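Asks: next one to model:
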Amino acid sequence: MRLAIRKPGRTEIVNVQTAPASHTYLPAAATPSLPPAAQGALVPDAKPAAADTSHLHRIVSPMVGTFYRAPSPDAADFVNVGDKVTDKTVVCILEAMKLMNPLEAEVKGEIVEILVENGQLVEFGQPLFLVKPE
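Replies: Numbers count the residues shown, from 1 in each chain. Got it, this is the predicted structure:
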């Protein structure tokens, strides 16, 4: 690949060589010759199997932004684990482009788990809460 860099009164041509990107993923199950302890070392962030959450409703982020559990730093959280919510209950605020956007539960039930930390950046579609619907 050739790259031309132009500045007023000067042009430089640079030859650029790039190595092809290759990734090799080696799941622990694909290495039967290793003892189980060594297989777990191949996946450093391995976590124990999570409980089945298929029956729970996920409240997901409708936008990219910063997640806040309370309306201000000294105020109480909107919801905590174990709290009952309705479809109109505000569960958090998402800040995007200096605008504070309240997020409602959209389902009646009980908060089972809060999946993100206060002040954390969240992505579009990222699960924020797990709710046990009534």
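Asks: show me where the protein has its helices.
Replies: Applying DSSP state H to the chain gives helices spanning 36-41.
Asks: helices and strands of it: which one bottoms out on pLDDT?
Replies: Least confident helix or strand, the chain: helix 36-41 with a mean of 52, by mean pLDDT, DSSP states H and E.
Asks: show me where this protein has strands.
Replies: 2-7, 10-15, 57-60, 65-68, 84-85, 90-96, 99-104, 109-114, 121-122, 127-133 (DSSP state E).
Asks: can you add mean pLDDT, distance to residue 75 and mean neighbour count and give the ones you listed back as JSON lines?
Replies: Any C-beta I mention is one placed from the backbone N, CA and C, and that applies to glycine too. Conversion of those to JSON lines gives the following (pLDDT from 0 to 100; distance: least, C-beta to C-beta, whole Å; neighbours: other C-beta atoms under 10 Å):
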{"stretch": "strand 2-7", "mean pLDDT": "70", "distance to residue 75": "53", "mean neighbour count": "8"}
{"stretch": "strand 10-15", "mean pLDDT": "68", "distance to residue 75": "55", "mean neighbour count": "8"}
{"stretch": "strand 57-60", "mean pLDDT": "93", "distance to residue 75": "20", "mean neighbour count": "18"}
{"stretch": "strand 65-68", "mean pLDDT": "95", "distance to residue 75": "10", "mean neighbour count": "19"}
{"stretch": "strand 84-85", "mean pLDDT": "94", "distance to residue 75": "18", "mean neighbour count": "18"}
{"stretch": "strand 90-96", "mean pLDDT": "94", "distance to residue 75": "11", "mean neighbour count": "18"}
{"stretch": "strand 99-104", "mean pLDDT": "94", "distance to residue 75": "13", "mean neighbour count": "14"}
{"stretch": "strand 109-114", "mean pLDDT": "94", "distance to residue 75": "16", "mean neighbour count": "18"}
{"stretch": "strand 121-122", "mean pLDDT": "94", "distance to residue 75": "20", "mean neighbour count": "16"}
{"stretch": "strand 127-133", "mean pLDDT": "94", "distance to residue 75": "18", "mean neighbour count": "18"}
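Asks: separation between residue 79 and residue 112?
Replies: With the distance defined as C-beta to C-beta, to the nearest Å, residue 79 ends up 11 Å from residue 112.
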